[in-house]
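In: Here's my sequence, what's the structure:
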Amino acid sequence: MANWDMELGTEDSAQQMVRDHNAGVPCGRTRRQFLWEAGAGFAGVALAGLLGDDGFLGTQAYAADGVSKWKNPLSPKKPHFAPKAKSVIFLYMYGGPSQIDTFDYKPTMKGRDNQTIQVKTFGRGGHKNSGRIVEPRWNFKQYGQCGKWVSDLFPHVATCVDDIAFIHSMTADSPIHGSAMLQMNTGKILSGSPSLGSWLNYGLGTVNQNLPGFVVMLDPRGGPISGAKNWSSGYMPASYQATLMRATGTPILDLDRPKHISDRVQRKMLDTLGAYNTEHNTRRVDNSNLAARISSYELAYRMQTSAPEATDLKQENEATRKLYGLDEARTEVFGRQCLQARRLVERGVRFVQIYSGGNHVDTTWDAHNDLMDNHNLHAGETDKPIAGLIKDLKQRGLLDETLIVWGGEFGRQPTAEYEKGTGRDHNSYGFTMWMAGGGIKGGVSVGQTDELGSAAVEDPFHVKHLHATILQQMGMDPNRLTYFYSGLDQKLVGVEGAEPIHKII
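Out: Model prediction:
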């Protein structure tokens, strides 16, 4: 490692080192090594910067013409109309939870276990016209003033039903995890489109200059099958993509300043890189990627102070920690993530997504084998933390301005996947999701599936209607929020547009 205090003793010497390197003058390191060292390891921070109009970028970064000041893409922007919600927490049940074993009560299925019936299904096993019934494996009880029937899988969430709107007729275009996840997160079954969180950052910017506007927390067991495409900014500038945050250990990797680098030296590194990049940028037509890189260094620099405070759960009292299940082994991880999410939205983070389930099959909600083992595991890990999140937000007066979304990429079939066993295949024809807070009606249920829960038969809603509802509650007209790309005014809800689910607003 070079002696940066000596080499960067002045700004001129640092700039001269860059010029020498670009001119081919040996300086003992490759360009990649230089950029990595100059960034002090911050290139690992996924989200590009959240800077205001003052400070570093305000004085040094310019648009491609070299004259106009570069405007931070994440500066706060006015919504189309007064929003009901300021933040979104998306609780993503990766793998596809079974609607008829959780919140979509089907009493007529009781006593029909192993009956062979005529029913059209489509999952990873292909198209089928008949199947063997696997009746719901858990009992249902009524809860709340609304009398909502909820499975014994979710006794804690059941106590919150008067704050929840259940959508029982969700549909999607694909029964395959990878493409279905992309659609739930980006609106498209093909990769390359911005995620929901990116659209919100693009449309609204951020109110916090020291934390990411879009955070994703993965299950420690692994990431989803279609990977980072689920939280990327797609064809938008990299400024709008997510920052990954971990539930255990160091929340954000590559954030701490190396011990041998002082704050003064680090600041000088960033200023020097900014000066060089600005000079480079004046000769380029499009500055979005470069500006995003500059901003990511600056965001990381600011986050060194803000992020540790925001993710320090030791500041929470014992009662709050217990509310989220931090005192129990099976709920501790997801509970930490939910509590972190509350602390982040409390500090102005726009969009937080938490994944339950990681890797593949039984480490997710993908119950192809033993339904009871699979759903007992994942519901047991998430039920108490989710209820804790709702109750904590409510008692702090934050539920009205925080929109909670629960669900996976699809549901599961009422029939068995194999000749023996209780495994259920994928079902994109009709499944359940729910929303709470952020101007959503509580204690209501909309849409219906047939008596088996195999397909939506009343008020079917597509994924794009869910997205339209989220944008609407955040103050954005889903049919006016556009980004020009590939010759079209692209929309999260598709170029044809979509209406929100008005019955739950």
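
In: List the buried residues of the host helix or strand of Gln337.
Out: Assessed by DSSP states H and E, Gln337 sits inside helix 329-346. Buried residues in helix 329-346, counting neighbours by 16 or more other C-beta atoms under 10 Å, are found at 331-345. For the C-beta atoms, the positions are set from N, CA and C on the backbone; glycine is no exception.

In: which one among those residues gets closest to Phe214?
Out: Using C-beta to C-beta, the shortest approach to Phe214 within these belongs to Leu344, at 10.3 Å.

In: thinking that closest one is in contact with Val215, fair?
Out: Yes - under the criterion of C-beta atoms under 8 Å, Leu344 makes contact with Val215 at 6.0 Å.

In: can you list residues touching both of the two?
Out: Residues touching both Leu344 and Val215 by C-beta atoms under 8 Å, 6 or more residues apart in numbering: Val352.

In: residue ranges with poor pLDDT in the chain?
Out: 1-72, 209, 247, 249-258, 263, 266-267, 270-271, 274, 277-310 (pLDDT under 70).

In: Now do the helices in it.
Out: All helices of the chain, identified by DSSP state H, fall at 4-7, 11-22, 31-38, 55-60, 177-186, 196-204, 263-281, 288-310, 318-323, 329-346, 371-395, 463-473.

In: mind checking how far Gly123 is from Pro136?
Out: 18 Å (C-beta to C-beta, to the nearest Å).

In: Oops, could you answer that again for Phe461 instead?
Out: 23 Å.

In: Over to Phe334?
Out: For Phe334, the distance to Pro136 (C-beta to C-beta) stands at 24 Å.

In: ok, now Val345?
Out: 34 Å.

In: and what of Gly96?
Out: Where Pro136 is concerned, Gly96 sits at a distance of 16 Å (C-beta to C-beta).

In: who has more neighbours, these two?
Out: Counted by other C-beta atoms under 10 Å, Gly96 and Pro136 do not tie: Gly96 has more neighbours, with 29 against 23.

In: what sits against that one?
Out: Gly96 neighbours (C-beta under 8 Å, 6+ apart): 177, 180, 365-367, 408-412, 426-427, 431.

In: what's the offset of stretch 181-193 from the middle of its chain?
Out: Relative to its parent chain, stretch 181-193 has a centroid offset of 13 Å by C-alpha atoms, centre = their mean, to the nearest Å.

In: no, scratch that, I was asking about stretch 138-146
Out: On the basis of C-alpha atoms, centre = their mean, stretch 138-146 sits 29 Å off its chain's mean C-alpha point.

In: Endpoint to endpoint, it covers what distance?
Out: 21 Å (C-alpha to C-alpha, to the nearest Å).

In: hmm, who's touching that stretch?
Out: Against stretch 138-146 from outside (C-beta under 8 Å, 6+ apart): 101, 105, 107, 148-153, 158-162, 375, 442-445.

In: got the buried residues for that stretch?
Out: For stretch 138-146, by 16+ other C-beta under 10 Å, it's Trp138, Phe140, Tyr143, Gly144.

In: tell me which residues of stretch 457-464 are tucked away?
Out: Neighbour count says stretch 457-464 has Pro460, Phe461, His462, Val463, Lys464 buried, by 16+ other C-beta under 10 Å.

In: of all those residues, which comes closest to Gln118?
Out: Pro460 (21.1 Å).

In: just checking, that closest one touches Ile167?
Out: No - counting by C-beta under 8 Å, Ile167 is not a contact partner of Pro460; they are 10.2 Å apart.

In: Find residues that contact each of the two.
Out: Shared contacts of Pro460 and Ile167, counting by C-beta under 8 Å, 6+ apart, come down to Gly447.

In: Could you turn the buried ones of the contacts of stretch 138-146 into a PyMOL selection?
Out: In PyMOL, this line selects whichever of those come out buried by 16+ other C-beta under 10 Å:
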select buried, resi 101+105+148+149+150+151+153+158+160+161+375+442+443+444+445
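
In: Strands - which of the contacts of stretch 138-146 land there?
Out: Using DSSP state E, the subset of the contacts of stretch 138-146 located in strands is Lys148, Trp149, Val150, Ser151, Val444, Ser445.

In: Need the residue closest to the centroid of the protein.
Out: The residue lying closest to the centre of the chain (C-alpha atoms, centre = their mean) is Gln353, at 2.9 Å.

In: any idea how far that residue is from Gln448?
Out: Taking C-beta to C-beta, one finds Gln353 at 28 Å from Gln448.

In: which residues does the residue nearest to Tyr92 when sequence neighbours are not counted contact?
Out: Excluding its sequence neighbours, the residue lying closest to Tyr92 (C-beta to C-beta, 6 or more residues apart in numbering) is Tyr355, at 5.0 Å. The contact partners of Tyr355, by C-beta under 8 Å, 6+ apart, come to Tyr92, Tyr94, Val216, Met217, Leu218, Asp219, Gly223, Pro224.

In: what's the closest of the residues you listed to Asn479?
Out: Tyr92 (25.1 Å).

In: Distance check, that closest one against Val405.
Out: Distance, Tyr92 to Val405, using C-beta to C-beta: 8 Å.

In: so where do the strands sit in the stretch 101-250 of the chain?
Out: For the stretch 101-250 of the chain, the strands defined by DSSP state E, counting those that start in this stretch occupy 116-123, 126-132, 140-143, 148-151, 164-171, 214-217, 243-244.

In: Check which helices and strands the last one sits against.
Out: This points to strand 243-244. strand 214-217 (3 or more C-beta pairs under 8 Å, 6 or more residues apart in numbering; DSSP states H and E).

In: ok now the strand it packs on, how far from the chain's centre?
Out: Centre to centre, stretch against its chain (C-alpha atoms, centre = their mean), the figure for strand 214-217 is 5 Å.

In: In the sheet, which strands lie alongside it, parallel or antiparallel?
Out: Strand 214-217 pairs in its sheet with strand 243-244 (parallel), strand 351-356 (parallel), by DSSP bridges.

In: Make TSV from these and add distance to Arg321 to it.
Out: Formatted as TSV, the strands paired with strand 214-217 follow (distance: least, C-beta to C-beta, whole Å):
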stretch	distance to Arg321
strand 243-244	24
strand 351-356	17
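
In: Now Pro478, what are its backbone angles?
Out: phi -60, psi -20 (degrees, to the nearest 10).

In: how many other residues sit next to it?
Out: 25.

In: Likewise for the one 10 residues further on?
Out: Using other C-beta under 10 Å, Leu488 is surrounded by 10 other residues.

In: surely it meets Val495?
Out: Yes - using C-beta under 8 Å, Leu488 is in contact with Val495, at 5.6 Å.

In: Run through who's touching stretch 148-157.
Out: Under C-beta under 8 Å, 6+ apart, the answer for stretch 148-157 is 101-103, 105, 136, 138-143, 158, 161, 164, 166, 375-376, 379, 383-384, 386-388, 390, 443, 445.

In: So for stretch 229-241, what gets flagged as buried?
Out: Result for stretch 229-241 [16+ other C-beta under 10 Å]: buried residues Lys229, Asn230, Trp231, Ser232, Ser233, Gly234, Met236, Pro237, Ala238, Ser239, Tyr240, Gln241.

In: Distance of the third one relative to Gly494?
Out: Yep, that's Trp231 we're talking about. The value you get for Trp231 to Gly494, if C-beta to C-beta is used, is 20 Å.

In: same thing with the fourth one?
Out: Ser232 is 18 Å from Gly494, where distance means C-beta to C-beta.

In: Next: Pro155.
Out: 38 Å.

In: ok, the closest residue to Cys160 other than its chain neighbours - contacts?
Out: Distances taken as C-beta to C-beta, 6+ apart place Ile390 nearest to Cys160, at 4.7 Å, with adjacent residues excluded. Ile390 makes contact with Val157, Cys160, Asp163, Ile164, Leu399, Ile404, Ala436, Gly437 under the criterion C-beta under 8 Å, 6+ apart.

In: I'd like to know how many residues surround Leu182.
Out: 24.
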